[in-house]
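S.K.: my questions concern the predicted model and sequence given below.
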Amino acid sequence: MTQYNVFFVGLDDFNRETLQHLPQAAECTFHAALHIDEMRGVGDLDIPALVETAAARMAAVPGGAHAVTSFFDFPGTLIAAMLAERFGLPGPGLEAVLKCENKYWSRLEQQKVVPDNIPAFAAFDPHDDSAYDRIGLIPPFWIKPIKSFRSYLAFKIGDPRQFDDAVAICRDKGGQLADPFRTIMEQADIAPEIAGMAESFIAESSIGGAQCTLEGYAHDGRIVGYGVVDSIREADSSSFARYEYPSMLPLEVQHRMIDVARSVMTQIGYENGTFNIEFFYDQTNDQVWLLEINPRASQSHADLFEKVHGVSHLSVMVDLALGRKPKPFQRTGQFNVAAHFFVRAFEPGIVTRVPTADALKRLHHRQPSTRLKMAVERGTDLASLENQDSYSFELAEIYIGGRDRAEVLDRYDEAMTALQFEIERETLTQVT
């Protein structure tokens, strides 16, 4: 059997374990073109240096590189596209990836084919003192960086004062991703009015409804949607409580989302890669809204697909990276429903207690299929965590499967009883 060397930009231990569960693991060796800690939490991102580091590793492997891909957002997907182009490997083109990653450029492309499925929008420069008036949107509206992820620096604006407060934060922190992203845009062979634009943020009129994410791929001229994951928020908050699969939305609504995806991804010229598109469904007005496009499979959903289908959707990504047509999913997993929960704190502080090794062993004994991914340790200052959403701090992620939603929620309650966190603020807080 031929052995394939498959490289990942931003490989971490948690997802390496998931990859080893794939049927393709028998014929593939999975390598890190870049390790996750080489492109997260490193301060200033030197994209050219990261590309050269990854390229050297790919060139050095015996037998050569057969595929390169990424399930992580910026700079993972962009570096993967650059490397695929350099090594002549299958993958989406850099310009198509940029059209997805640049939220403003993406909206311009969407406007050409699905104008009724997107909000009003405008780009702005947070250093422009007249930005609020230039935007011309009636509150409430959202502002966010043209390049961001995980709702980093996304703020809901209700009046000019909120805008001024949010923009002050954006001026201070907005360059962390905007500057290296702008460097890539300027070096790419794209329209100068996009590559050289001074605006680094986008404002969008408020849209809402039931939120979900369509997972799909493009191959050989076809756009395929293969699963919809519900995104459920915390009560009275914009932060996510959990992702749940399969979606509870009507199939007719899911098919409408797939139709929108086909139109947009064809317009963008996206080929030979996975994508996920976030949507809202406003039931009151029977309206499908496109929130944003991500040119990758969401690694946050991988365990959900594995629990329900018996194989994660990272299998789709590996097949496409090797230039092969992905196989359709079967319902051969251990569970009917699966969810990815986020354990959050909503105020800053110092983590003084995390789950003990004994607590983790007891939970594993009671729920052997449940997986836990810690985001903090004892002594972590929540204010120091990078790339959090604007309204909370992530402590851990829990992946749970069950017969139905009720059993999944019961298992989550049981898990949270075992997994105790404490955060030192002015008054001690226990997260349960």
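M.R.: Done, it's in. Numbering: from 1, shown residues only.

S.K.: use CA for all of it now, contacts and neighbours both
M.R.: OK.

S.K.: give me the below-cutoff pLDDT ranges for the stretch 51-200 of the chain.
M.R.: For the stretch 51-200 of the chain, applying pLDDT under 70 flags the ranges 149-150, 175.

S.K.: endpoints of stretch 153-165, how far apart?
M.R.: End-to-end distance for stretch 153-165, by CA to CA, to the nearest Å: 12 Å.

S.K.: repeat for stretch 91-104
M.R.: End-to-end distance for stretch 91-104: 23 Å, by CA to CA.

S.K.: centre of the chain versus it, how much separation?
M.R.: How far stretch 91-104 lies from its chain's middle: 15 Å, per CA atoms, centre = their mean, to the nearest Å.

S.K.: which residues does that stretch contact?
M.R.: 68-69, 77-78, 81-82, 84-85, 105-106, 109, 122-123, 145-147, 185, 188-190, 202, 268-273, 292-295, 320-321, 323 (CA atoms under 8 Å, 6 or more residues apart in numbering).

S.K.: now with 7 Å?
M.R.: With CA atoms under 7 Å, 6 or more residues apart in numbering as the test, stretch 91-104 has contacts from 78, 81-82, 84, 105-106, 123, 146-147, 202, 268-273, 293-295, 321.

S.K.: so of those, which ones are in strands?
M.R.: Residues of the contacts of stretch 91-104 located in strands (DSSP state E): 123, 202, 273, 293-294.

S.K.: by neighbours, which of those wins?
M.R.: The most crowded member of the ones in strands among the contacts of stretch 91-104, judged by other CA atoms under 10 Å, is residue 273 (27 neighbours).

S.K.: closest one to residue 18 out of the ones in strands among the contacts of stretch 91-104, please.
M.R.: Distance to residue 18, by CA to CA, is smallest for residue 273 among the ones in strands among the contacts of stretch 91-104, at 19.2 Å.

S.K.: and the closest one, how far from residue 76?
M.R.: Residue 273 is 14 Å from residue 76, by CA to CA.

S.K.: mind listing what's buried in the single longest helix found in the chain?
M.R.: Criterion DSSP state H: the longest helix present in the chain is helix 251-268. If you call a residue buried by 16 or more other CA atoms under 10 Å, then helix 251-268 has these buried ones: 254, 257-258, 260-262, 264-266, 268.

S.K.: contacts for the helix or strand hosting residue 166 next, please.
M.R.: Using DSSP states H and E, residue 166 sits within helix 160-173. Here helix 160-173 makes contact (CA under 7 Å, 6+ apart) with 126-127, 153, 155, 157.

S.K.: partner strands of the helix or strand residue 229 falls within and their direction?
M.R.: With elements delineated by DSSP H and E, residue 229 resides in strand 222-233, which encompasses its position. If you go by DSSP bridges, strand 222-233 pairs up with strand 210-219 (antiparallel), strand 240-245 (antiparallel).

S.K.: quick check: angle from the first one to helix 251-268?
M.R.: Yep, that's strand 210-219 we're talking about. Calculated by axes from the mean of the first three to the mean of the last three CA atoms, to 10 degrees, strand 210-219 forms an angle of 50 degrees with helix 251-268.

S.K.: again, but for the shortest one
M.R.: Following the same axes, to 10 degrees, one obtains 100 degrees for the angle between strand 240-245 and helix 251-268.

S.K.: just the C-alphas of strand 240-245, formatted as PDB.
M.R.: Written as PDB, here are the backbone C-alpha positions of strand 240-245 (Å, rounded to 0.1, in the frame of the first residue of the first chain):
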ATOM      1  CA  PHE A 240     -21.600  30.200  22.200                       C
ATOM      2  CA  ALA A 241     -22.800  27.600  24.800                       C
ATOM      3  CA  ARG A 242     -22.500  24.600  22.500                       C
ATOM      4  CA  TYR A 243     -22.400  23.300  19.000                       C
ATOM      5  CA  GLU A 244     -25.000  20.500  18.400                       C
ATOM      6  CA  TYR A 245     -25.200  17.900  15.600                       C
END
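
S.K.: what's the span of stretch 373-391, first residue to last?
M.R.: End to end - CA to CA - stretch 373-391 spans 21 Å.

S.K.: quick check: closest non-adjacent residue to residue 323.
M.R.: residue 90 (5.5 Å; CA to CA, 6 or more residues apart in numbering).

S.K.: wait, residue 308
M.R.: Setting aside the residues directly before and after it, residue 308 is nearest to residue 333 in space (CA to CA, 6+ apart), at 4.3 Å.

S.K.: my read is that that neighbour contacts residue 304, right?
M.R.: No. The criterion here is CA atoms under 7 Å, and residue 333 misses it with residue 304 at 9.7 Å.

S.K.: settle it for me: which of these two has more neighbours?
M.R.: Taking neighbours as other CA under 10 Å, residue 333 and residue 304 compare with residue 304 leading, 28 against 17.

S.K.: which helix or strand contains the more buried one?
M.R.: Short version, using DSSP H and E: residue 304 is in helix 302-309.

S.K.: who does the nearest residue to residue 258 once chain neighbours are set aside bridge with?
M.R.: Spatially, and ignoring its direct neighbours in sequence, residue 258 is nearest to residue 225 (5.8 Å; CA to CA, 6+ apart). For residue 225, the beta-bridge partners are residue 216 (DSSP bridges).

S.K.: measure the residue nearest the centre of the chain to residue 308 for me?
M.R.: What sits nearest the mean C-alpha location of the chain, by CA atoms, centre = their mean, is residue 298, with 5.4 Å. Distance of residue 298 to residue 308, computed by CA to CA: 16 Å.

S.K.: same thing with residue 159?
M.R.: 44 Å.

S.K.: do the same with residue 168
M.R.: Counting by CA to CA, the gap from residue 168 to residue 308 is 44 Å.

S.K.: same check on residue 187?
M.R.: With distances taken as CA to CA, residue 187 is found 42 Å from residue 308.

S.K.: how is the protein carved up into domains?
M.R.: For the chain, automatic domain parsing gives the domain ranges 4-100+207-321, 120-205, 337-431.

S.K.: give me whichever of the ones you listed is most buried.
M.R.: Mean neighbours per residue, mean count of other CA atoms under 10 Å, is largest over the domains of the chain for domain 4-100+207-321, with a mean of 19.
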